[in-house]
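Q: dropping the sequence and predicted coords here.
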Amino acid sequence: MKTLRLFVLLMIGSCVFPAFIAAAIHFVSPMGSASWAQSSSIASPCSTAVAFTNAQAGDTVYFRGGTYRTQKRNFGDSYSGYYNPANSGTSSSYIVFMAYPSEFPLFSGLAGGSGDQTSASTNIYATIFGTKNKSYLVFDGFSFEADTGKKMARMIIGIDHTDETTPQGHCIIKNCVFQGGTTANNSVDNNEGLRIEGNNYITVSSCRFTHYKMSTDDHNTSAIKTYWDTLCTINNCEFDSSTIGVYIKEANPKVMVYNCFFKGNYEAFLISSEIMNRSESDSLKFYNNILINSSYIGFEWEGAGSDSGTHGNDYLIYNNTFYGNTQNVLLGFTSSGRGASFYNNISCGATGTYNLVTDDYNATWQNRIKQADHNEWGTPFMTIRIGDNGRDINYSTLVSWQASGQLENPFDAGCGSSKNPGCGDLASDPQFINGSGNFSQPGDFALAPNSPCKHAGRNGIDDIGANADSVGLQNGKITAINGPEKYMKISYSRSGASPRRLIILPNHRTALISGEWIFDIRGQRLRNDQARAGGIYVSAMR
């Protein structure tokens, strides 16, 4: 078998020594009954409760396939799960809870326990995993359901954000499936599949969320909801048939969402700057996502309205594809913000009246666009409505939009410095491939070779719209576990693409090996010598 040897180097003075993590491997099964010490053998797995109680920094715990049934959670509160790890990992040695290679552990909970009820929400969800005040954890390859798929399965990462004495963070949730159930709830309280609160450095990657639905589509039901988190990353996830796909609710600076697929939700993505004059939801990066067939809005940013301190500044929204939503984009509603950049996007096929809307009701609620260029608006051109000092101004043609003077300050996107938006904009058929015939999959939104959006983005190099091949689940499958060095190789294959290898390193930094390049978990490209400088040494690839 081809092998790749990875070593972590420890520099002491001018000498270099290999540093190996003393880590243990343990096994869990649905009927496991062994002790923690015995569970180091695959032949004698322990229970989930024993694993969560005993796993230490550096341990990897493999869950065998099968159904893990839990009872109603009649303990704890909404910030805990049925299972909560007793220990944290460290920055160099995460605790990893993950599916055994090629097996599928399903956790099936029961909704309605006293620990899963609030004054406004009863018998709605079952919270299966929680982290409480623990950090440096990985959850990889689990599926969650409640009441055999009828109710909402839920996971909580973090604690009540009002407890600021114990900062949380550095957790990774990947390759998981969250099922919201066939029964829509009727509560206006907060209900979600994955709640992330009071954290720093959280990554949610390659997960699927489906059917997190409220009967009248109140915005407080969502697949993911975040509160008071910094540097939260959501990538390559898929969201369908939910009231809200991702709800960035309060005080979440530096959120990054990319390569995600949103389909058939009421509202695909909602970010709110509501926060009572505290740290705001600034510096959002939202790129290379595909948002389709939302019955209300594809992308919305809103504020609290009555709070003059709410704002969302410096949003970067680029290289996305919005298609077939009732309204594609709403930038700013009862909120204030400056520095929003909207470029290299395809926004077409909206089924309502407007394509892009900003609201600016008065001197308190002001929304200003810094950059708006190289966007494809489709044909026929749908109205762009801009709120301007309490007035709603409609631009019903591309020419009128390009002469509107609606940028915050003069900006040169390649057409000369001007306050006019629309430099490089198109109003044409983007010519998607639509291989399925019904615009339902990420690959349907790949651009045909003769598309006017090819190389029509900024600098004449980038395409307009999302790179469909990078969007959504990447069909990863663990194929080998390589001994006590504690890393694993995952082979990826995708139609029309060459196989790639994903390496999870001993410190659980993720690298994607593609030819001579290494990509870390955030997509940063590194040469091998740069990887060595970062503490990763690739001694051989063969």
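A: Nice, thanks for sending it over.
Q: pretty sure Thr148 is in a helix, no?
A: Yes - counting by DSSP: H, G, I helix; E, B strand; the rest coil, Thr148 is part of a helix.
Q: what's the burial count for it?
A: Neighbours of Thr148 under the rule other CB atoms under 10 Å: 13. To be clear about C-beta, it is placed using only N, CA and C from the backbone, and glycine gets the same treatment.
Q: how close does it get to Glu300?
A: Look at Thr148 and Glu300: by CB to CB, to the nearest Å, they are 34 Å apart.
Q: quick check, central residue of the chain?
A: By CA atoms, centre = their mean, the chain has its centre lying nearest to Ile234, at 1.9 Å.
Q: sec struct for it, please.
A: Assigned with three-state DSSP, Ile234 falls in the strand class.
Q: that one against Gly245, yeah?
A: No - between Ile234 and Gly245 there is no contact under CB atoms under 8 Å: 9.7 Å.
Q: where in the stretch 401-542 of the chain is pLDDT low?
A: Along the stretch 401-542 of the chain, the model assigns pLDDT under 70 to residues 475-542.
Q: and the strands in it?
A: In the stretch 401-542 of the chain, the strands defined using DSSP state E, counting those that start in this stretch lie at 476-481, 488-494, 497-504, 510-514, 517-520, 525-526, 536-541.
Q: now do the stretch 51-200 of the chain
A: Counting by DSSP E, counting those that start in this stretch, the stretch 51-200 of the chain has these strands, from start to end: 60-63, 66-72, 95-99, 105-110, 125-130, 137-140, 143-146, 152-158, 168-174, 177-179, 191-197, 199-205.
Q: output the contacting helices and strands for the last one.
A: Yep, that's strand 199-205 we're talking about. strand 152-158, strand 168-174, strand 191-197, strand 230-235 (3 or more CB pairs under 8 Å, 6 or more residues apart in numbering; DSSP states H and E).
Q: with mean pLDDT and distance to Ser451 added, can I get those strands in a markdown table?
A: Formatted as a markdown table, these follow (pLDDT from 0 to 100; distance: least, CB to CB, whole Å):
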| stretch | mean pLDDT | distance to Ser451 |
| --- | --- | --- |
| strand 152-158 | 94 | 40 |
| strand 168-174 | 90 | 33 |
| strand 191-197 | 94 | 35 |
| strand 230-235 | 90 | 25 |
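Q: Asn252: which of those strands is closest?
A: If you check each of the helices and strands packed on strand 199-205 against Asn252 by CB to CB, strand 230-235 wins as the nearest, at 6.3 Å.
Q: look up phi and psi at Ser440.
A: Main-chain torsions, Ser440, degrees, to the nearest 10: phi -120, psi -10.
Q: and stretch 53-64, how far apart are its ends?
A: Terminal residues of stretch 53-64 are spaced 18 Å apart (CA to CA, to the nearest Å).
Q: settle this for me: Gln402 is touching Asp425, isn't it.
A: Yes - using CB under 8 Å, Gln402 is in contact with Asp425, at 6.7 Å.
Q: can you list the helices and strands packed on strand 199-205 in CSV and add distance to Asp469?
A: Putting the helices and strands packed on strand 199-205 into CSV (distance: least, CB to CB, whole Å) gives the following:
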stretch, distance to Asp469
strand 152-158, 29
strand 168-174, 20
strand 191-197, 26
strand 230-235, 14
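Q: ok, which of those comes nearest Asp314?
A: Across the helices and strands packed on strand 199-205, closest to Asp314 is strand 230-235 (CB to CB), at 14.7 Å.
Q: in contact with the residue nearest to the centre of the chain, which residues?
A: 203-205, 224, 246, 255-258, 260 (CB atoms under 8 Å, 6 or more residues apart in numbering).
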